[in-house]
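> predicted coordinates and the sequence they were generated for:
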Amino acid sequence: MSESTSFLAIEVAGLGKRYRIGVKEKTSDTLVGSVASWFHSPLGSFRRLRDLTRFADGVDTADTIWALRDVSFELREGEALGIIGRNGAGKSTLLKILSRITPPSTGRAVLRGRVASLLEVGTGFHPELSGRENVYLNGTLLGMSRREIDGKLDEIVDFAGVGRFLDTPIKRYSSGMQVRLAFSVAAHLDAEVLVVDEVLAVGDLEFQRKCLGRMGNLARSGRTVLFVSHNMAVVKTLCSRGIVLTAGRVTFDGNASDAVQAYMASAPVAPSGGAIPSESVRFNAGEAAITSAHVETPGRRPVPYGAEIPLRMEIELRTLIRDLFVDVKIQSADGTVVAYATNTFAGETPPMLGLGRFEVRAEIENALHPGDYTVGLGLHHSNGATLFMADELCPFTVEKVGRGPYGGYPYLWTYGYIRANSRWSKASTMITDVAPE
């Protein structure tokens, strides 16, 4: 659809969102002061509740923060916009304002057309209701009529792949099943604007592909898509345009590939390993967690070309798990998963671990071309249910060695991410005999 025939679907001008945060209250160190504060506490609580949404104009205090500040952009009908940035940059706050979940503190946002949003797993679901009942409940909250849901119920259920459990209470669904059903309802709403936060992290690979295909089809059919993701490869594939948010402000607005490069260039260099930072954790069910991870090379030197990647991690189990397995994703600088390893491919059942913290080591076969990489880690049950996921950990470099026919950096290494082993042979007889000229 050309710009001359499309219209502005979203206009955002000077958008800002300010929140009041908690600060430590002053406490008295005398008996008289403690008694006096006890009598005054009801009035103090009332004032604090009143002040949660009351701010002095033009004055920023120690107990206020700006989640968004002076955000402006326009989006035309049929465009797919990727919104990227580190955790805490304001991405989800922006989507909540555009979805009319929370009002802005400053500025305005104009959306033309019906909006379907999928921001958090299970939003609008009631745990005691069945999957079928929740489809109707969630669809109604999104603005669908009963007749509209009746006509699309089979398609929604088929897309989510939960037909066998449709009349089972949602509380018995895994988090992945809830994501599939929630996305399916939102994706089948006849909306002009689709707003999606990265809730697909706990979905399986097949369903993620279905979701991305669905969003791509919606964009090509003239729908407008806003997509928040930490997966840079998906952003470049799905979106034609990208915005980088840094500390609540737009620091880049342009082509999606250029936006990814700008984000990667601005990302701070992380240490080669250590405690898992909270901003790297994408999902945590609370039963188990990886608390630290290291790529252990002598003197923190690059991993030699062709040498195994030595990985050490500490796993904390908070409940007895009989079928725990660990997966490791090797990611390129732009977030593309280029290699995968798990402890279940050895043909043995993972050992049952008790409560506590355990050290786990792995030597990962290295077929990577020279370059910069990070590690993504996950913990799962044997049925695929996700317990923990974290990305962009343990940055490491596969060193550049040797000389190729085109200089110090071998020419063939510029293709792809890994080298494929192959066996070659020459036939003992010539197929045709060509006479020399």
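Looks like it arrived, so ask away.
> show me where the stretch 201-350 of the chain has helices.
With DSSP state H, counting those that start in this stretch, the ranges of helices along the stretch 201-350 of the chain come out as 205-220, 232-238, 256-266.
> most tightly surrounded among those helices?
A comparison of those by mean neighbour count, using mean count of other C-beta atoms under 10 Å, puts helix 232-238 on top with a mean of 20. In short, each C-beta sits where N, CA and C put it, glycine included.
> what's it packed up against?
strand 80-84, helix 205-220, strand 224-228, helix 256-266 (3 or more C-beta pairs under 8 Å, 6 or more residues apart in numbering; DSSP states H and E).
> send the alpha carbons of stretch 356-366 over as PDB?
Extracted in PDB, the C-alpha atoms of stretch 356-366 (Å, rounded to 0.1, in the frame of the first residue of the first chain):
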ATOM      1  CA  GLY A 356      19.500 -26.300  46.800                       C
ATOM      2  CA  ARG A 357      22.200 -24.900  44.400                       C
ATOM      3  CA  PHE A 358      24.200 -27.000  42.000                       C
ATOM      4  CA  GLU A 359      27.100 -26.300  39.600                       C
ATOM      5  CA  VAL A 360      26.700 -27.600  36.100                       C
ATOM      6  CA  ARG A 361      29.400 -27.600  33.400                       C
ATOM      7  CA  ALA A 362      29.200 -28.100  29.700                       C
ATOM      8  CA  GLU A 363      31.800 -28.200  26.900                       C
ATOM      9  CA  ILE A 364      29.900 -27.100  23.700                       C
ATOM     10  CA  GLU A 365      31.200 -28.100  20.300                       C
ATOM     11  CA  ASN A 366      32.300 -25.000  18.400                       C
END
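> in a markdown table, list the helices of the stretch 201-350 of the chain along with mean pLDDT and distance to residue 360.
Below are these laid out as a markdown table (pLDDT from 0 to 100; distance: least, C-beta to C-beta, whole Å):
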| stretch | mean pLDDT | distance to residue 360 |
| --- | --- | --- |
| helix 205-220 | 75 | 23 |
| helix 232-238 | 80 | 28 |
| helix 256-266 | 83 | 29 |
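> can you list the domains in the chain?
What automatic domain parsing lists as the domains of the chain is 66-266, 273-414.
> would you single out the least confident of these?
Mean pLDDT across the domains of the chain is lowest at domain 273-414; the value there is a mean of 79.
> and it, how far from the chain's centre?
Put simply, domain 273-414 sits 17 Å off its chain's centre (C-alpha atoms, centre = their mean, to the nearest Å).
> re the thing from before, now tabulate the helices and strands packed on helix 232-238 in JSON lines and tack on distance to residue 302.
Formatted as JSON lines, these follow (distance: least, C-beta to C-beta, whole Å):
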{"stretch": "strand 80-84", "distance to residue 302": "27"}
{"stretch": "helix 205-220", "distance to residue 302": "30"}
{"stretch": "strand 224-228", "distance to residue 302": "33"}
{"stretch": "helix 256-266", "distance to residue 302": "19"}
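> of the ones you listed, which is nearest residue 245?
Nearest to residue 245 among those is strand 80-84; the distance by C-beta to C-beta comes to 6.5 Å.
> strand 224-228 and the very next helix or strand once past that closest one, what's the angle between them?
Downstream of strand 80-84, the first helix or strand assigned by DSSP states H and E is helix 91-98. Helix 91-98 runs at 150 degrees relative to strand 224-228, counting by axes from the mean of the first three to the mean of the last three C-alpha atoms, to 10 degrees.
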